[in-house]
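Next one to model:
(chains A, B and C)
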Amino acid sequence: MDMDLSLMNKEQKKAIKTTEGPLLIMAGAGSGKTRVLTHRIAYLLGEKEVPSRNILAITFTNKAAREMKERVAALVGGGAASMWISTFHSMCVRILRSNINYIGYENSFSILDPTDQKSVIKDILKRRNLDVKQHNPRNIIGYISDKKNQLIKPDQAISEAASYPDTLYSEMYSDYQRILYRNSALDFDDLIMLTIELFDKEPKVLEHYQNRFQYIHVDEYQDTNHAQYRLINQLAKKYRNICVVGDSDQSIYKFRGADITNILNFEDDYPEATVITLEQNYRSSKNILDAANAVIENNTERKPKALRTARDGGPKLQLMVSDSERGEAETIIGNIQSLSDEHSYSDMAVLYRTNAQSRAIEDALVKSNIPYKMVGGMKFYDRKEIKDLMSYLKVILNPNDDISFERIVNTPKRGLGPKTIDKLKAHGQNTGISIFEAIKESDFIGIPKTAVVKLMGLVDLLEGLKHKSRFLTITELVDEVLKHSGYRKMLEGEKSIEATSRLENLEEFKTVTMEFDRDNEISDELLFTFLSDMALVSDQDSVEDDSGVTLMTMHASKGLEFKVVFVVGLEEGIFPSRRVAYDDRELEEERRLMYVALTRAEDRLFLSRANSRMIFGKTESNIQSRFLSEIPETLVEGKEAVGGSASDGMKKRSGKPKRSRVLTNNSGVTFSIGDKVEHKKFGDGIISGIKGEGDSQELDIVFTKAGVKRLLANFAPIEKKE
DNA sequence: GTCCGAATATTTTTT
DNA sequence: ATATTCGGAC
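Numbers count the residues shown, from 1 in each chain, chains lettered A, B, ... in the order given. Below you'll find the model as predicted:
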């Protein structure tokens, strides 16, 4: 067995060998934490002779889980098959699959994806006669997710709701949960919450898993939410062998419930804990690391930690300033091309704050014929045809899944429109049965004869497929569905480019099912296993194409590394995002995101900003990002030249004469970033951003007393000073 | 029941 | 700029 620890540093060795009791590993970026984790597991297996079934390792992504499995296997050979190395969610699915009946759910439950969630919420809004425009489903889903992450059940949410809109949202949460229950459906948050509920209600089940998982590892601990925290604590309570790894400086998922205090307070939870800090960075050159350290030091909410690197200074960081997002893209492409002698494209990545920023870069890459891959664009599994097919499979497994049933009832068109479906739904709701069951009574609820016949045909189709499903592989079942539902015929009949591509995607999907069929025998559980596997994978997992420049959001880049990294759009309002720019806590999270982005780079780091860019169809100018200002000039090539003051925004603007046709307050006045102004009511302020042109131009002004306001340049009662 | 054009809303999102 | 969504015409 390859358990050569001689290449490890002192802290790493200690982390590997501290197997008993709670252990907190604060692992800085690039400090080799995966290596430590995998070696620790190998050490437990090899030296400590812990049976593999007693080890649990939890990650957030399938990719991380797969990688860890492979690396452990490489260290210990086979024999680790019965070890659970999985994500939070797939662990919970496995536990719930055999135990969810204890808490009253069907064991063939479906898993809702965000699209399904949205349609449930829309249904609820409709039934409550509420306007979707006033109540954005996203907010409601966010509310529900928050509550579930806090382990707050609907009843408690209702009684605790103090004011609007919580009073309403908590009621909708209650509706939502009732609907899911009736559909035998769980959302992602339920997987965690209900596992905890199961453990609370059935101590025997909990104890079984406590005994099984005597050594627990949690990766990316800074990203755990409260529910995940509770779950881990339940499991670790008996043996207290819990090893958590994380870096509070890389906590960037607060907006989805990640609670940074879980890692910061670990020592309070486990006073006997050993704490090890890994500060030796093996990834980046010194200049890159110095820049990252300089940025993160501006955060107050952190434990001081400074990464060291054994590598030399390396080239300086390089700042690129362009006029527009197109100019930015061209500058990047220029650098990519000149670097391509030394580096392969796959060693380069372009990181941006928002997905929308990818467009300009993508365009430029296409024009230059440079291969690239984009992470997180239009997701394969989000495509309509894939979701439709999945809905057929879900209904075959669980006919009471109204959410999926509704998706397919008229796809392909069967002449079963909203009228018919509404009647079925209303009947189902009145009598507490599913749509599928309601169909059997459709004769009596005012549905026209022709529609009844069509409904019966659909029932026959689905029941026939359900019957067959027991004897077929998933690939064969998919073919049966496509054939007998008429879905394939529908697409073939369309003859459009789009339909052709949909057909191709369905074929592509079969490579996924074939892979699944290779690993799984035909059994009664096959379809359930397939669907719950599928619900928990994302495309990031399947991107195994390692040629081409990588384009992705900074969030998506966490955990990855590249020789050459471009961090783009370093402008106030873009990054940090305008929405957080004046909230200290959220600003610190943005800064951590900057830290994550910078520390992805091994050898070369390019920073880019544009003097103006098109946002939502309007041209916007913004001053350089404060995060850029926080990097010492001595580390950056090209920074001293532009200085980073707001004046370059002015330089650029002065070339373009402004005109105003309408006589207004400020017609003919040209505003530039950095201008001092006085407002009739708000007092003194400085222009921090400009949006749009001409008559509709808007100004972001930071007022000394009144905070930030966005005002119309022409009409605001402001005067330019000096 | 279906289709088309206006109205609307746009951070990030490992599962 | 653009994707989605909704209302009204056919």
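
Which helix or strand contains whatever residue of the stretch 451-600 of chain A ends up closest to DNA strand C?
The nearest approach of the stretch 451-600 of chain A to DNA strand C comes at A:Glu498, 11.8 Å away (CB to the nearest atom of the strand). (C-beta placed from N, C-alpha, C; glycine too.) For A:Glu498, the element it lies in under DSSP states H and E is helix A:497-519.

What mean pLDDT does that helix get?
Mean pLDDT, helix A:497-519: 86.

swap in stretch A:4-19?
Stretch A:4-19 comes out at a mean pLDDT of 89.

contact partners of it?
A:23, A:25, A:32, A:35-36, A:39-40, A:43-44, A:48, A:50, A:215, A:241, A:243, A:274, A:276-280 (CB atoms under 8 Å, 6 or more residues apart in numbering).

how many other residues sit next to the closest residue to A:Asn241 other than its chain neighbours?
The shortest distance from A:Asn241 to any non-neighbouring residue, by CB to CB, 6 or more residues apart in numbering, is to A:Tyr215 (4.8 Å). A:Tyr215: 23 surrounding residues under other CB atoms under 10 Å.

rewinding a little: which among the contacts of stretch A:4-19 end up buried?
Burial by neighbour count, judged by 16 or more other CB atoms under 10 Å, picks out A:23, A:25, A:32, A:35-36, A:39-40, A:43-44, A:50, A:215, A:241, A:243, A:274, A:276-278, A:280 from the contacts of stretch A:4-19.

re earlier: ok, what's across the strand from the residue nearest to A:Asn241?
Beta bridges link A:Tyr215 to A:Ile55, judged by DSSP bridges.

gap between it and DNA strand B?
In this view, A:Tyr215 and DNA strand B are 22 Å apart by CB to the nearest atom of the strand, to the nearest Å.

With A:Thr167 instead?
22 Å.

Could you pull up the contacting residues of that residue?
A:Thr167 touches A:158, A:161, counting by CB under 8 Å, 6+ apart.

before we move on, what SS does it have?
Counting by DSSP: H, G, I helix; E, B strand; the rest coil, the backbone at A:Thr167 sits in helix.

And for A:Leu472?
coil.

Could you check the pLDDT of it?
94.

give me the residue from chain A nearest DNA strand B.
A:Gly417 (2.1 Å).

Do I have it right that that residue meets A:Thr411?
No: look at A:Gly417 against A:Thr411 with CB atoms under 8 Å: they stay out of range, at 11.8 Å.

Between the two, tell me which one has more neighbours.
With neighbours defined as other CB under 10 Å, A:Gly417 and A:Thr411 compare such that A:Thr411 has more, 18 against 12.

in which helix or strand would I find that one?
Using DSSP H and E, no helix or strand contains A:Thr411.

dump the residue contacts of it.
With CB under 8 Å, 6+ apart, A:Thr411 has these contacts: A:388, A:487.

May I ask which helix or strand of chain A has the lowest mean pLDDT?
Within chain A, no helix or strand scores below helix A:647-654, which has a mean of 36 by mean pLDDT, DSSP states H and E.

Check which element follows it along the chain.
strand A:676-679.

could you check whether whichever helix or strand comes after that following strand is close to DNA strand B?
Next helix or strand after strand A:676-679 toward the C-terminus (DSSP H and E): strand A:683-691. No: applying CB under 7 Å from any atom of the strand, one finds strand A:683-691 separated from DNA strand B by no less than 11.5 Å.

what does chain A put close to DNA strand C?
Neighbours of DNA strand C within chain A, by CB under 7 Å from any atom of the strand: A:118, A:122, A:132, A:359, A:614, A:616-617.

Would you report which members of these are assigned to helices?
Members of the residues of chain A next to DNA strand C lying in helices (criterion: DSSP state H): A:118, A:122, A:359.

ok, and what's touching stretch A:468-478?
With CB under 8 Å, 6+ apart, stretch A:468-478 has contacts from A:389, A:393, A:396-397, A:465, A:480, A:506, A:509-510, A:513-514, A:516-517, A:520, A:522, A:524, A:526-527, A:530.

quick one on the thing from earlier: quick one: contacts for the residue of chain A closest to DNA strand B?
A:Asn410.

Roughly how far does it sit from A:Thr450?
12 Å (CB to CB, to the nearest Å).

and A:Val395, what does it touch?
Contacts of A:Val395 (CB under 8 Å, 6+ apart): A:401, A:404-405, A:408, A:436, A:462.

Please repeat the previous calculation with a cut-off of 10 Å.
A:110, A:401-409, A:435-436, A:458, A:462, A:465-466, A:481 (CB atoms under 10 Å, 6 or more residues apart in numbering).

Next: A:Tyr595.
Neighbours of A:Tyr595 in contact, by CB under 10 Å, 6+ apart: A:29, A:247, A:249-250, A:252, A:291-299, A:302, A:554, A:627.

For the residue nearest to A:Asn241, give me the pLDDT.
97.

for the one 3 residues further on, same thing?
pLDDT, the model's per-residue confidence, is 97 for A:Val218.

How much space separates it from A:Arg35?
A:Val218 is 17 Å from A:Arg35, by CB to CB.

Tell me the one among the residues of chain A next to DNA strand C nearest to A:Tyr229.
A:Lys118 (27.4 Å; CB to CB).

can you pull the contacts of that closest one?
Counting by CB under 10 Å, 6+ apart, A:Lys118 has contacts A:112, A:137-138, A:140-141.

May I ask which two of the residues you listed are separated the most?
Longest span within the contacts of A:Lys118, CB to CB: A:Leu112 and A:Arg138, 15.0 Å.

more crowded one of the two?
Each of A:Leu112 and A:Arg138 has its neighbours counted (other CB under 10 Å); A:Leu112 has more, 24 against 12.

In space, what's closest to the more buried one - neighbours in sequence excluded?
Nearest non-adjacent residue to A:Leu112, counting by CB to CB, 6+ apart: A:Asp187, 4.5 Å away.

again with A:Phe109
A:Ser184 is the one closest to A:Phe109 (CB to CB, 6+ apart), at 4.8 Å.

how far away is that neighbour from A:Glu20?
42 Å.

what about those two, which has more around it?
Taking other CB under 10 Å, A:Ser184 and A:Glu20 do not tie; A:Ser184 has more neighbours (19 against 12).

circling back to that earlier point, just the buried ones among the contacts of A:Tyr595, please.
For those, buried by 16+ other CB under 10 Å: A:29, A:247, A:249-250, A:252, A:291-296, A:298-299, A:302, A:554, A:627.

returning to that earlier point: now, of the contacts of stretch A:468-478, which are buried?
A:389, A:393, A:396-397, A:465, A:480, A:506, A:509, A:513, A:516-517, A:522, A:526-527, A:530.

circling back to that earlier point, tell me the gap between the helix holding A:Glu498 and the middle of its chain.
Relative to the centre of its chain, helix A:497-519 is centred 24 Å away, using CA atoms, centre = their mean, to the nearest Å.

From A:Glu525, how far off is A:Ser98?
Separation of A:Ser98 from A:Glu525 (CB to CB): 11 Å.

cool, A:Ser145 as well?
Distance, A:Ser145 to A:Glu525, using CB to CB: 29 Å.

Comparing the two, which residue is more hemmed in?
A:Ser145 (19 against 14).

near DNA strand B, which residues of the stretch 201-350 of chain A?
So the stretch 201-350 of chain A meets DNA strand B at A:220, A:223, A:253, A:255-256, A:258 (CB under 7 Å from any atom of the strand).

Now compare those and name the two farthest from each other.
So, these by CB to CB: farthest apart are A:Glu220 and A:Phe255, at 15.7 Å.

okay, now the closest residue to DNA strand C within chain A: neighbour count?
For chain A, the residue closest to DNA strand C is A:Gly617, as judged by CB to the nearest atom of the strand, at 2.7 Å. Per other CB under 10 Å, the neighbour tally for A:Gly617 reads 6.

pretty sure A:Ile196 is in a strand, no?
No: applying three-state DSSP, one finds A:Ile196 to be helix, outside a strand.

Under the pLDDT cut-off, which ranges of the stretch 601-722 of chain A? List them.
A:640-668, A:680-682, A:691-697, A:704-712, A:714-717, A:722 (pLDDT under 70).
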